[in-house]
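*Asks:* model the following, please.
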Amino acid sequence: MNASPDRPLQPPSGCPVAHHGSEPARLYGPEAATDPGSIYERLREEHGSVAPVLLEGDVPAWLVLGYRDNRRVLDNPRQFSRDARIWRDWAEGRIEETSPLIPMLGWRPDCVSQDGEPHRRLRAAVTDGLQAAAARGVRRHATHFANKQIDAFAGAGRADLVQDYAEYLPMLVLTRILGLPEAEGRDLAESCARVLKGGEDALVHDARIKEILGRLAERKRTEPGGDFTTALLEHPAGLDEDEVVSHLRLVLIAAHTTTSNLLARVLQLILTDTTRLTGLIGGQLTISAVMEEVMWNSPPLAVLPGRFAAGDLELGGHRIQEGDLLVLGLAAGNADPEIRPDTGVSVQGNQAHLAFSSGPHECPGQSIGQSVIEIAVDVLLHRLPGLALAVPPEELGSTASTWESRLDSLPVEFPV
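*Replies:* The predicted structure is shown next:
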């Protein structure tokens, strides 16, 4: 569907800026790439717990900033549907089919695009397949690939733990889970990153992912194995070809991008705080406790796409109209001063963060991602005693897209 020249994109119709003449904040562009947190806080001050924003291509949406409002949206699919077919701007032809938002927001025949019974049917296939994969040795795969990655730089005394470790390790584990050749891992990791980043080549990389996974599904029909792809093909839910490929894509992108980002942030926290590093090495602190802290303060998805209002309603003091797009501010919600007035207070043992979403669409593979990270950190610290950050902590930088903020690099040094 093409944007009509006589129907330009406008802010959501219930949006206060439509009446006051000011423009909503953009969740893309230079400021959003370098300091998204300041945008969230400015929007909270100006609009409260829900704010009008523009996504890439100046597509209007509501950003949910409040913790309680995020929970309300995530836990109530009858009011806030995941079905993009009711997205008014799409249905009325104001979104280009070539929009870089489509890989993140468009409707697909997978469980995250549907609610109710269709969702339950498809999610059961995904959950059963992931449980079977986890039982077949995720921790063993993670240990194998963690050691293999470390072998490549262990003799150098220096490494970048983003590019040399966190960026690809989860994808290598996923190749085993899905039944892909290991050689496909690096190209798929790059394509996943491009889809999340957005921009004009997001659709190209999304098509590349689907092409590779389509060939995988075709091969597994004649050469089944003990992998997630075979589990989907053979599940009693009877998934068709498009459903199988869509779910392979969903698991690949979601699992890799969130796990690699979370792993990098966990390593950053450990290496910029010697008390945490000492606690892990001495056994007084667990990796899961560090992960919990990171999931509160730097969730791997800062903004979750998306929900669509199933009817006219009120949220955060704003009038939301049927068909409006809402995106979930997970990072902003975790820092909501109404539930967390002092972000310096320890969150150890508190798993009420939004990092894994909530409600019927809560991440079904979170335990697998956490297992990969636990193994990755444990193997790294045991293999490289004396591991230390090679630059001052303040020199570490991040680059954000609409959906996530990723650590640029993590230079380290260690005795050889």
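
*Asks:* now do the helices in the stretch 251-400 of the chain.
*Replies:* In the stretch 251-400 of the chain, helices defined by DSSP state H, counting those that start in this stretch lie at 274-282, 287-297, 330-334, 366-383, listed in chain order.

*Asks:* packed most tightly, which of these would that be?
*Replies:* helix 330-334 (a mean of 26; mean count of other C-beta atoms under 10 Å). Any C-beta I mention is one placed from the backbone N, CA and C, and that applies to glycine too.

*Asks:* what's that one in contact with?
*Replies:* 36-37, 40-41, 44, 63-67, 69-70, 295-299, 301-304, 340, 353-355, 357, 405 (C-beta atoms under 8 Å, 6 or more residues apart in numbering).

*Asks:* could you redo the last one with a cut-off of 6 Å?
*Replies:* For helix 330-334, the external contacting residues (C-beta atoms under 6 Å, 6 or more residues apart in numbering) are 40, 65, 67, 70, 296, 299, 301-302, 304, 353-354.

*Asks:* please apply the same query to stretch 407-416.
*Replies:* 157-162, 264, 267-268, 384, 386-387, 389-391, 397-399.

*Asks:* swap in 10 Å and give it another go.
*Replies:* For stretch 407-416, contacts defined as C-beta atoms under 10 Å, 6 or more residues apart in numbering pick out 153-167, 260-261, 263-265, 267-268, 271-272, 298, 380, 383-391, 395-399.

*Asks:* ok, R221 - how many residues close by?
*Replies:* Counted with other C-beta atoms under 10 Å, residues neighbouring R221 total 14.

*Asks:* check what pLDDT the closest residue to S99 other than its chain neighbours gets.
*Replies:* Using C-beta to C-beta, 6 or more residues apart in numbering and skipping residues adjacent in sequence, the residue nearest S99 is G57, 5.5 Å away. Looking at G57, its pLDDT reads 93.

*Asks:* give me the three-state assignment for G57.
*Replies:* coil (DSSP: H, G, I helix; E, B strand; the rest coil).

*Asks:* what's the burial count for it?
*Replies:* 16.

*Asks:* drop anything exposed from the contacts of stretch 407-416.
*Replies:* Buried residues within the contacts of stretch 407-416, counting neighbours by 16 or more other C-beta atoms under 10 Å: 153, 159-162, 164-167, 260-261, 263-265, 267-268, 271, 298, 380, 384, 387, 389-390, 396, 398.

*Asks:* got JSON lines for the helices of the stretch 251-400 of the chain, with mean pLDDT and distance to T222 too?
*Replies:* As requested, the helices of the stretch 251-400 of the chain are exported to JSON lines (pLDDT from 0 to 100; distance: least, C-beta to C-beta, whole Å):
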{"stretch": "helix 274-282", "mean pLDDT": "91", "distance to T222": "46"}
{"stretch": "helix 287-297", "mean pLDDT": "95", "distance to T222": "40"}
{"stretch": "helix 330-334", "mean pLDDT": "97", "distance to T222": "41"}
{"stretch": "helix 366-383", "mean pLDDT": "95", "distance to T222": "27"}
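
*Asks:* of the ones you listed, which approaches K210 most closely?
*Replies:* Smallest distance to K210 across the helices of the stretch 251-400 of the chain (C-beta to C-beta): 22.1 Å, for helix 366-383.

*Asks:* mind giving me the packing neighbours of the closest one?
*Replies:* Helix 366-383 sits against helix 116-135, helix 138-151, helix 169-178, helix 241-272, helix 274-282, helix 287-297, with contacts defined as 3 or more C-beta pairs under 10 Å, 6 or more residues apart in numbering; DSSP states H and E.

*Asks:* got the ones you listed as a markdown table, with distance to A32 columns?
*Replies:* Below are these laid out as a markdown table (distance: least, C-beta to C-beta, whole Å):
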| stretch | distance to A32 |
| --- | --- |
| helix 116-135 | 31 |
| helix 138-151 | 31 |
| helix 169-178 | 25 |
| helix 241-272 | 17 |
| helix 274-282 | 29 |
| helix 287-297 | 19 |
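
*Asks:* about what we covered before: so how far is L203 from the residue nearest to S99?
*Replies:* Distance of G57 to L203, computed by C-beta to C-beta, to the nearest Å: 12 Å.

*Asks:* equivalent analysis for P385, please.
*Replies:* Distance, P385 to L203, by C-beta to C-beta: 46 Å.

*Asks:* same check, this time on Q268
*Replies:* Q268 is 31 Å from L203, by C-beta to C-beta.

*Asks:* with S113 instead?
*Replies:* S113 is 17 Å from L203, by C-beta to C-beta.

*Asks:* go through stretch 242-258 and flag the buried ones.
*Replies:* Quick answer for stretch 242-258 (16+ other C-beta under 10 Å): 243-258.

*Asks:* from those residues, which is closest to G179?
*Replies:* Nearest to G179 among the buried residues of stretch 242-258, with distances taken as C-beta to C-beta, is L248, at 9.6 Å.

*Asks:* okay, now the nearest residue to that closest one once chain neighbours are set aside: neighbour count?
*Replies:* Setting aside the residues directly before and after it, L248 is nearest to L213 in space (C-beta to C-beta, 6+ apart), at 4.3 Å. Applying other C-beta under 10 Å, we find 23 other residues in the vicinity of L213.

*Asks:* L213 reaches L174, doesn't it?
*Replies:* No - under the criterion of C-beta atoms under 10 Å, L213 is not in contact with L174, lying 11.3 Å apart.
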